[in-house]
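J.: got a sequence here, can you model it:
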Amino acid sequence: MDRRSFIKLTAIAGTSATLASCGNPENQLIRFVPDDDIVPGQAVWKPSVCPLCSAGCGLTVRVMDADADVERNGQAGVMRIAAAKKLEGNPVHPISQGGLCARGQAAIQVTYHPDRITQPLKRSGMRGEGKYEAVTWDQAIAELLSKLDALAAAGNQKALAFAMRPGSSHRHVLVEQFLARFGAPAPVSFELFGNQVLRRANALSFGREQLPTFDLPNARMVINFGADVLGTWNSPVAHSAGYGQMRQGRPGIRGSLVQVEARMSQTGANADEWVPATPGTEGVLALGIAHAIMAANLRPAAAAGRAGAQINGWTAGLTEYAPEQVEKVTGVSASRITRLARELAERTPAVAIAGGPPLAHTNGLFTALAVNALNALLGSVEQPGGLFFTPQIRLGGVTSIGQVFKLQPEGNGPHIGEAQVLLVDGANPVFTAPAAWKVRDALQKIPFIASFSSFLDETAGMADLILPDHSFLESWVDSVPESGSISAVASVAAPVMRPLHQTRATGDVLLDVSRRLATPMAPALPWQTFDQMIGATFATLPPAAAGGDAWAEAQTQGGWWGTPPAALVTAPRATEGVARPTAEPRFDGDAQQFPFHFLPYPSSAFLDGSLAHLPWLQEMPDPLTSAMWSNWVEINNRTAKRLGIGNGDIVEITSSQGTVRAPAVVSPGLAPDVVAMPVGQGHQMFTRYATGRGSNPVPLIAPMTEAATGEWAWAATRVKIARVGDPDGSLIMFAGGDRERPYEELGRG
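T.: Predicted coordinates for the structure are as follows:
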């Protein structure tokens, strides 16, 4: 008898004897022997990559011995494992720089979540009901293969659709290659708070269809049009590190921040000056500032070059944007516009940022182009203290959100509603798409849906088959950040611990399926495993040390960063400059019937709702309201007084699309004609921590689109609001209630 068998038998015998004395001999606990030698009490730090947003922050993971409840061959037991205990920012990583946001800290709960899907599941109830039965991996893959083989046999490969979250990684490239070689359309991506409008504007202004990186540490003044750079927008960890250096990192120099937005965000709360502007007019304000700069001969119009050429009337000095005229449109005083213009021109280097709600109006592209032209006028493009574009290592991308979930397809693009087989990876459009798109109805008509989700959410619950992925700590993970660093970055990490459950890495599942199709892919995918695919890319990158190995170096430090070969970098593209006139915003809903602008915004904890299942984030107080385990409607304090609404009162918000109810939070941090609500709560199906908690504001949003790009204009809806009840206890405040005097008593109006 070997040592392993002896330990197993000892555990069984000892436990059985104990339980038998209690009359329960059937409840035997088996202690499985680990495959690895583990040193008790000794911590090891391993690199990883945070998967909770697209920023691509590098992590370090504290790994130590621990007991874990596991199941092996149908038998439940306990095993001593090397378990992840704590996540921190990777101090050598260019994006995280040793920092990590609260969402990243909570990412460890993805692995240990009690409601995580632990093995393949097959639907046993009605679609969307959430009832499943366990199946083996052989059965699950065989069923998926049968559906794909049937499409190929019928010559109908184009009826396969793939929906996923956007991003740039080898996972995305593998999906693209899998679909292309099978003969299916390219994958479609879905993201509620997407940035395609800004990418399009940057392509027109600068030839770079990507998000910019801001050199905040070297900036002296920043004017920000709506982007919550310190909270939820783009790469907040990198922005926060840069902001800290801008404010305190240079002796004798303290950079300033001006925030232009209709609702005070976390960034606005940290700004030196908060400027509320009428929603949808931020581009006019940017051009008013540019006009004032040129009118005072502080910068010539020609300095804006190609970016200025995108704006009608630029070469003539934007005569239609005199501060007095801009004041009538934006609500920002002419004197403030003139002062901001002079400060931006004199306090160099200065940079302008645009993102979030201002680009989610029907004139979002105009606003982004206006801010780009202002940046070019200030001399901020590719200059210290300005904006840069991170070199993009060419790994591939996915189709933008566009309008792919509409029932009527447009052009020859992919159309989810007409698919016969749909594969879903990470996207949850049932929760985050506007009600008018009727996503649930479209999915009901698809004969077969398979999901790679680790949790049952509203979209995964529509699947006929679930093939659960490893957690990011149990598998190879990589990311090529779009921005956040001036140098090129490719984050990568090996598994830091063995899988706890009977899950499989989605990349390896797709490679396995590709090899077992009845009709072989042409050509076949060249990789046997997902990590082999990743390694092939890193082998083409230059090592940091002479004679070194870039792949080995990347695994040690958590990625590769530096200057990649020109052949691997996406080059700038040339586009024709077409001067665009002022585009006025359009809104769904008559202003008389619906007098308020509705502003949904990403939750500081849950973003678009994809993180609401993590209990650490549910119990994290909102940084501005201190609310937790709940959601709310924000309303201006003067407006609330006029309508008889107090903190915690239940209010009803109505748009042309529907109605939701939620408790009110009265705040001076938003314009009087704006009503705001965080997105994230209101899930109908998303683990014990998020299901049935609060209300989802997304169904209120009208299916308005940005005029020039067709992107969803999620900030272009008008609503009305009414008090319908007293506080019911659903608003949970960390502080237990108001601790400060009323705003008017502070002498601020």
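J.: my guess is Thr67 meets Arg80, correct?
T.: One correction, residue 67 is Asp, not Thr. Yes - with the criterion set as Cβ atoms under 8 Å, Asp67 and Arg80 qualify as a contacting pair; they are 6.0 Å apart. C-beta coordinates here come from the backbone N, C-alpha and C atoms, glycine included.
J.: which of these two has more neighbours?
T.: Neighbours per residue, other Cβ atoms under 10 Å: of Asp67 and Arg80, the larger number sits with Arg80, 16 against 11.
J.: where does the stretch 301-450 of the chain dip in pLDDT?
T.: Counting by pLDDT under 70, the ranges of the stretch 301-450 of the chain that qualify are 395-415, 417.
J.: can you pull out the helices in it?
T.: Secondary structure of the stretch 301-450 of the chain (DSSP state H, counting those that start in this stretch): helices at 305-309, 323-330, 334-346, 364-377, 429-432, 439-444.
J.: show me how far the shortest one is from its chain's centre.
T.: Using Cα atoms, centre = their mean, to the nearest Å, the mean C-alpha position of helix 429-432 is found 14 Å from that of the whole chain.
J.: now the first one
T.: Averaging C-alpha coordinates over helix 305-309 and over its chain gives two centres that are 31 Å apart (Cα atoms, centre = their mean).
J.: buried ones in it?
T.: In terms of neighbour count (16 or more other Cβ atoms under 10 Å), helix 305-309 has its buried residues at 306-309.
J.: circling back: need the helices of the stretch 301-450 of the chain in CSV (columns: distance to Ala702).
T.: Converted to CSV, these look like this (distance: least, Cβ to Cβ, whole Å):
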stretch, distance to Ala702
helix 305-309, 31
helix 323-330, 23
helix 334-346, 31
helix 364-377, 15
helix 429-432, 15
helix 439-444, 15
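J.: tell me which stretches of the stretch 51-200 of the chain form strands.
T.: Taking DSSP state E, counting those that start in this stretch as the criterion, the stretch 51-200 of the chain contains strands spanning 58-72, 75-89, 121-123, 132-134, 160-164, 188-189.
J.: go on, the stretch 501-650 of the chain?
T.: Remark: strands of the stretch 501-650 of the chain, listed N- to C-terminal, are 559-562, 596-602, 627-628, 633-636, 650-655; assignment by DSSP E, counting those that start in this stretch.
J.: will you turn these into CSV that also has distance to Glu320 and mean neighbour count?
T.: Output for these, formatted as CSV (distance: least, Cβ to Cβ, whole Å; neighbours: other Cβ atoms under 10 Å):
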stretch, distance to Glu320, mean neighbour count
strand 559-562, 45, 22
strand 596-602, 24, 25
strand 627-628, 43, 17
strand 633-636, 31, 25
strand 650-655, 33, 20
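J.: I'd say Glu247 and Gly255 touch.
T.: Careful, residue 247 is Arg; it's not Glu. Yes - here Arg247 lies in contact with Gly255, judged by Cβ under 8 Å, at a distance of 6.1 Å.
J.: more neighbours, the two?
T.: Of the pair Arg247 and Gly255, Gly255 is the one with more neighbours under other Cβ under 10 Å, namely 25 against 17.
J.: ok, and the closest non-adjacent residue to that one?
T.: The spatially closest residue to Gly255, leaving aside those adjacent along the chain, is Met246, at 3.8 Å (Cβ to Cβ, 6 or more residues apart in numbering).
J.: count of neighbours near the one you found?
T.: Residues near Met246, counting by other Cβ under 10 Å, number 24.
J.: excluding its backbone neighbours, what's nearest Ala372?
T.: Careful, residue 372 is Asn and not Ala. Once flanking residues are discounted, Asn372 sits nearest to Ser205: 3.9 Å by Cβ to Cβ, 6+ apart.
J.: I'd guess the one you found is in a helix, am I close?
T.: Yes - the secondary structure assignment for Ser205 places it in a helix, going by DSSP: H, G, I helix; E, B strand; the rest coil.
J.: distance check, it against Glu418.
T.: Plainly put, Ser205 is 36 Å away from Glu418 if you go by Cβ to Cβ, to the nearest Å.
J.: show me which of the two is the more surrounded one.
T.: Between Ser205 and Glu418, counted using other Cβ under 10 Å, the more crowded position is Ser205 (27 against 15).
J.: now do the contacts for the more buried one.
T.: Counting by Cβ atoms under 8 Å, 6 or more residues apart in numbering, Ser205 makes contact with 306-307, 310, 369, 372-373, 376.
J.: for Pro581, see how far away it is.
T.: Summarising the geometry, the distance separating Ser205 from Pro581, computed by Cβ to Cβ, is 16 Å.
J.: tell me where the model's unsure across this structure.
T.: Under the criterion of pLDDT under 70, the regions of the chain flagged as low confidence span 1-39, 72, 395-415, 417, 575-577, 736-749.
J.: picking up where we left off before, can I get the contacts of Ser205 in JSON lines with distance to Trp712?
T.: Formatted as JSON lines, the entries for the contacts of Ser205 read as follows, by distance: Cβ to Cβ, whole Å:
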{"residue": "Arg306", "distance to Trp712": "28"}
{"residue": "Ala307", "distance to Trp712": "25"}
{"residue": "Gln310", "distance to Trp712": "23"}
{"residue": "Leu369", "distance to Trp712": "19"}
{"residue": "Asn372", "distance to Trp712": "21"}
{"residue": "Ala373", "distance to Trp712": "25"}
{"residue": "Ala376", "distance to Trp712": "28"}
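J.: nearest to Ser695, of the residues you listed?
T.: Within the set of the contacts of Ser205, Leu369 lies nearest Ser695; the separation is 35.8 Å, counting by Cβ to Cβ.
J.: for the strands of the stretch 51-200 of the chain, which one sits closest to Val424?
T.: Proximity of the strands of the stretch 51-200 of the chain to Val424 was assessed by Cβ to Cβ; the nearest stretch is strand 160-164, lying at 5.1 Å.
J.: flag every buried residue along the closest one.
T.: Neighbour-count burial for strand 160-164, counted by 16+ other Cβ under 10 Å, picks out 160-164.
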